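Asks: generate a structure from the sequence data that follows.
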Amino acid sequence: MNTVVNSTFLKEMGITEWSVRNAPESGVIAQTPVADEVVEKASSQRKSLGTWWFFGNKPQGDSEILFQNVIRALGLMANEWSWKSPNEKMDHMSAPQDGSPIVAIAFGGSAAQKLSGERDSLSELRETVLAINSPGLEEIPLIATFELNQLISRPNDKALFWQDLLLAKSVLQNI
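Replies: Predicted structure coming up:
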């Protein structure tokens with residue numbers, strides 16, 4: 001198989017960046033522009049699976065890079081996600097006009113508590129499908145996960161974070 005075909009298969013599986021296992025510890029990540037173009041074209045032709053609302057402190061620096069990698073790994077187009085503050089008035093939020101399903105991700109325990117009305121710690125809120133506690137939005141599923149800055153300082157939590165994202169993706173696909 002050639003590199004373009006391999007890259008296309010990897011992209012279809014949601015793998016957008018990869019590195020060689022025996023590569024030096026420089027952390028060099030390989031990407032192929034040709035495969036990016038193929039995936040970009042395929043993404044523009046696919047039907048949207050829904051909308052993602054991300055709540056928490058706006059990422060900056062390394063956490064912003066991590067967030068952009070998450071968006072890419074989930075295969076989301078710009079119109080399929082939005083960043084929202086948990087302090088934003090909920091009555092200003094509305095579901096998409098096209099009726100597409102929504103899933104919300106709360107980065108951090110305080111964001112999850114504020115949005116859901118729950119008082120449990122993040123460790124107890126994770127791996128549970130919560131709901132946004134606001135009139136008109138209570139049917140929107142909410143998944144609590146780690147703050148992005150925490151993932152930068154504690155990379156071992158990234159596997160748990162990925163499980164949270166897979167839970168959100170599963171919930172969105174089953175709405």
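
Asks: where in the chain is pLDDT low?
Replies: Scanning the chain for pLDDT under 70 picks out 1-47, 90-92.

Asks: domain-wise, how is it divided?
Replies: According to automatic domain parsing, the chain comprises the domains 1-46, 47-173.

Asks: give the buried residues for the helix or strand that contains Phe67.
Replies: Element membership of Phe67, judged by DSSP states H and E, is helix 62-74. By neighbour count on 16 or more other Cβ atoms under 10 Å, the buried set for helix 62-74 is 63, 66-67, 70-71, 74. C-betas here are computed from N, CA, C, even on glycine.

Asks: could you tell me the angle between the helix ranked longest in the chain and helix 62-74?
Replies: The residue-count maximum for a helix in the chain (DSSP state H) belongs to helix 158-173. Relative orientation of helix 158-173 versus helix 62-74 (axes from the mean of the first three to the mean of the last three Cα atoms, to 10 degrees): 50 degrees.

Asks: check which helices and strands helix 158-173 sits against.
Replies: Applying 3 or more Cβ pairs under 8 Å, 6 or more residues apart in numbering; DSSP states H and E, one finds that helix 158-173 contacts helix 62-74, strand 102-107, strand 141-145.

Asks: how far does it sit from its chain's centre?
Replies: Its chain's average C-alpha position is 8 Å from that of helix 158-173, according to Cα atoms, centre = their mean, to the nearest Å.
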